[in-house]
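Undergrad: I'd like to go over a predicted model; first the sequence, then the structure.
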Amino acid sequence: MDKDELRERYEATGDEHFYARAETMYEQALAHSPDDPRLLLDYGYLQECHGRYAMRAAARSYERAIAADPQLDKPHWQLISVLAALRDLDTVIPRYERQVASAPSDLRGYRLLAAAYLLAAERDKAAATLGAGLQLGPDDAGLTEEQGDLYAATGRPDDALTSWRRAFDLAPDDYGISMRFSAAFLLESLGRLGEAADEWRFIIGWMTEHGDHIHLDWPRQMLERLEGQAAGG
């Protein structure tokens with residue numbers, strides 16, 4: 001079989017033997033013709049298929065973790081994220097709708113359902129879910145952060161930043177600082193580079209203080225890039 005047939009067989013079956021053979025053949029071909037647009041397209045698609053199969057394997061693992069311990073939050077969040085990338089959120093949204101319906105006083109269900117709606121671009125449903133959840137728990141950090149995510153997605157950046165600041169103030173120490181990353185990216189997109197750089201400085205300081213040295217390189221690179229832009233501008 002040539003590399004194109006191997007790619008097609010891998011796409012159809014997910015058999016990793018087809019992937020390994022196709023990858024080797026494409027890489028050999030690209031070594032001889034590194035700028036061939038057709039080769040680059042087909043090799044990219046092979047890797048895209050590989051990524052989808054890997055994400056589906058991750059989703060299956062998260063589902064097993066949820067089945068083993070339904071009260072463990074992390075696999076729910078990871079499952080929502082990976083299914084959003086696969087555009088398969090419709091497979092789990094009904095689960096979280098049922099969760100809210102069966103336990104209407106449990107804020108956890110509102111958080112998960114709102115996150116799924118947001119990533120599925122169901123913004124009206126996300127807004128309704130967040131509204132209901134925040135009525136029950138107006139000081140809930142997770143719902144407040146998601147409210148900021150909704151504002152950011154609907155063209156209300158200042159409201160988003162306000163919600164994220166409030167979420168940070170409300171969050172316990174073990175919650176993390178995901179909202180500060182969101183603020184850094186939004187501020188940069190608004191052209192407010194000085195404020196974005198301040199966010200990255202805060203993130204670096206927080207991670208250093210909490211001993212998270214493994215993940216420091218990327219925030220430092222983001223800060224250096226912004227500082228370079230400021231110096232060059």
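TA: Arrived safely. The structure presented is a predicted model; accordingly, all values stated were derived computationally and were not measured.

Undergrad: Low-confidence ranges, this structure, go.
TA: Low-confidence segments of the chain (pLDDT under 70): 232-233.

Undergrad: Quick check: which element contains the spatially most central residue of the chain?
TA: A centroid search over the chain (C-alpha atoms, centre = their mean) returns residue 81, at 5.4 Å, as the residue closest to the centre. Assigned by DSSP states H and E, residue 81 belongs to helix 73-86.

Undergrad: got it, and residue 208?
TA: Assigned by DSSP H and E, residue 208 falls in helix 193-209.

Undergrad: Keeping just the C-alphas, turn the host helix or strand of residue 133 into PDB.
TA: Element membership of residue 133 [criterion: DSSP H and E] is helix 123-136. Only the C-alpha atoms of helix 123-136 are listed here, as PDB (Å, rounded to 0.1, in the frame of the first residue of the first chain):
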ATOM      1  CA  ARG A 123     -25.200  31.200  24.700                       C
ATOM      2  CA  ASP A 124     -28.900  31.900  25.500                       C
ATOM      3  CA  LYS A 125     -29.100  28.600  27.400                       C
ATOM      4  CA  ALA A 126     -25.800  29.300  29.100                       C
ATOM      5  CA  ALA A 127     -27.100  32.700  30.200                       C
ATOM      6  CA  ALA A 128     -30.300  31.100  31.600                       C
ATOM      7  CA  THR A 129     -28.300  28.400  33.400                       C
ATOM      8  CA  LEU A 130     -25.900  30.900  34.900                       C
ATOM      9  CA  GLY A 131     -28.700  33.200  36.000                       C
ATOM     10  CA  ALA A 132     -30.500  30.300  37.800                       C
ATOM     11  CA  GLY A 133     -27.300  29.100  39.400                       C
ATOM     12  CA  LEU A 134     -26.200  32.600  40.500                       C
ATOM     13  CA  GLN A 135     -29.600  33.200  42.100                       C
ATOM     14  CA  LEU A 136     -28.900  30.100  44.300                       C
END
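
Undergrad: Which strands or helices does the helix holding residue 208 pack on?
TA: helix 178-189, helix 217-232 (3 or more C-beta pairs under 8 Å, 6 or more residues apart in numbering; DSSP states H and E). All C-beta spots, glycine's among them, are computed from the backbone N, C-alpha and C.

Undergrad: So which of these is the most surrounded?
TA: helix 178-189 (a mean of 19; mean count of other C-beta atoms under 10 Å).

Undergrad: Okay, angle between that helix and helix 217-232 too, please.
TA: On the basis of axes from the mean of the first three to the mean of the last three C-alpha atoms, to 10 degrees, helix 178-189 is oriented at 30 degrees to helix 217-232.
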